[in-house]
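**Student:** Following is a predicted model, sequence given first.
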Amino acid sequence: MNLDASGHASITAAQVDNGSSDNCAITNRVVSPSSFDCTKVGANTVTLTVTDSSGNSASSSAIVTVHDITAPTVVTKDIDVNLDASGHVTIAATDVNNGSSDSCGSLSYSLDKSSFDCSNVGANTVSLTVTDANGNHASASATVTVHDVTPPTIACPADISVFTTNAAGTVVNLTLPAVLTIALWHRWLPTPPQAAHSRLAPQW
């Protein structure tokens, strides 16, 4: 017999009576136990007691095999995740579970995709599968939106020194801002102030 969606089932004595008889008349049949739940999945021994019109009774046993055939109810939720500094992120199945349930208790969860990288930035559809203790399972989808929130790493070049001479012929060590200023003058002015005869030479 199968449990219902709430995880319960019951039987009557007639269901396990396979032709009991009496020389007069049978007036009562009782089976015990007659109710079953998720804890009774599998084979269960029940006792059928038959009583005749004179109060005589006899008992015999039968096996009632209980089945759970109801799949879990899967409820999911959408989530947002950020890639780590290496460009990866991993989620657990429970991260997208939103209260999945089953009438027969313990559940296990699995995802068809749990790891993401830079190629997955944006919305990704995943499937959550929920399995109950008796092997029944069901699936539902959720959206995992992946974000890249790590700024680039800038590698600055080594410091440089540039030497030139001033009008008096003295060698001048230019700092980087000064070099940039002269470079801008050369780009925008035909003759930069006080640098018309300057000569830049790198230090080797």
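**Tutor:** Received it, and whenever you're ready, just let me know what you need.
**Student:** Low-confidence regions, the chain specifically.
**Tutor:** The chain contains residues with pLDDT under 70 at 161-167, 169-204.
**Student:** List the residues that contact the residue in it sticking out farthest from the centre.
**Tutor:** When distances are taken from the C-alpha mean of the chain, residue 168 lies farthest, 74.3 Å away, according to C-alpha atoms, centre = their mean. Shown in contact with residue 168 (C-beta atoms under 8 Å, 6 or more residues apart in numbering): no residues. Glycine gets a C-beta too; all of them are placed from N, C-alpha and C.
**Student:** Report the central residue of this structure.
**Tutor:** The residue lying closest to the centre of the chain (C-alpha atoms, centre = their mean) is residue 93, at 2.6 Å.
**Student:** For the residue lying closest to it once chain neighbours are set aside, give the beta-bridge partners.
**Tutor:** Using C-beta to C-beta, 6 or more residues apart in numbering and skipping the chain neighbours, the partner closest in space to residue 93 is residue 109 (3.6 Å). Assessed by DSSP bridges, residue 109 has beta-bridge partners residue 130.
**Student:** What separation do you get for residue 109 and residue 124?
**Tutor:** 18 Å (C-beta to C-beta, to the nearest Å).
**Student:** just residue 149 next, same as before
**Tutor:** Taking C-beta to C-beta, one finds residue 149 at 16 Å from residue 124.
**Student:** quick one, strands of the chain?
**Tutor:** Remark: strands assigned in the chain by DSSP state E are 8-10, 26-32, 35-37, 42-52, 57-66, 79-82, 88-90, 107-111, 115-117, 122-132, 137-147, 162-165, 171-174, 201-202.
**Student:** Format these as CSV; extra columns: mean neighbour count and distance to residue 72.
**Tutor:** Below are the strands of the chain laid out as CSV (neighbours: other C-beta atoms under 10 Å; distance: least, C-beta to C-beta, whole Å):
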stretch, mean neighbour count, distance to residue 72
strand 8-10, 15, 17
strand 26-32, 14, 31
strand 35-37, 15, 17
strand 42-52, 15, 19
strand 57-66, 13, 18
strand 79-82, 13, 20
strand 88-90, 13, 24
strand 107-111, 16, 6
strand 115-117, 14, 25
strand 122-132, 17, 4
strand 137-147, 17, 5
strand 162-165, 16, 72
strand 171-174, 12, 74
strand 201-202, 9, 73
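**Student:** mind putting those strands in JSON lines, distance to residue 98 included?
**Tutor:** JSON lines is the format used below for those (distance: least, C-beta to C-beta, whole Å):
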{"stretch": "strand 8-10", "distance to residue 98": "26"}
{"stretch": "strand 26-32", "distance to residue 98": "41"}
{"stretch": "strand 35-37", "distance to residue 98": "26"}
{"stretch": "strand 42-52", "distance to residue 98": "31"}
{"stretch": "strand 57-66", "distance to residue 98": "30"}
{"stretch": "strand 79-82", "distance to residue 98": "10"}
{"stretch": "strand 88-90", "distance to residue 98": "19"}
{"stretch": "strand 107-111", "distance to residue 98": "11"}
{"stretch": "strand 115-117", "distance to residue 98": "20"}
{"stretch": "strand 122-132", "distance to residue 98": "9"}
{"stretch": "strand 137-147", "distance to residue 98": "8"}
{"stretch": "strand 162-165", "distance to residue 98": "63"}
{"stretch": "strand 171-174", "distance to residue 98": "64"}
{"stretch": "strand 201-202", "distance to residue 98": "65"}
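**Student:** Alright, I will stop here.
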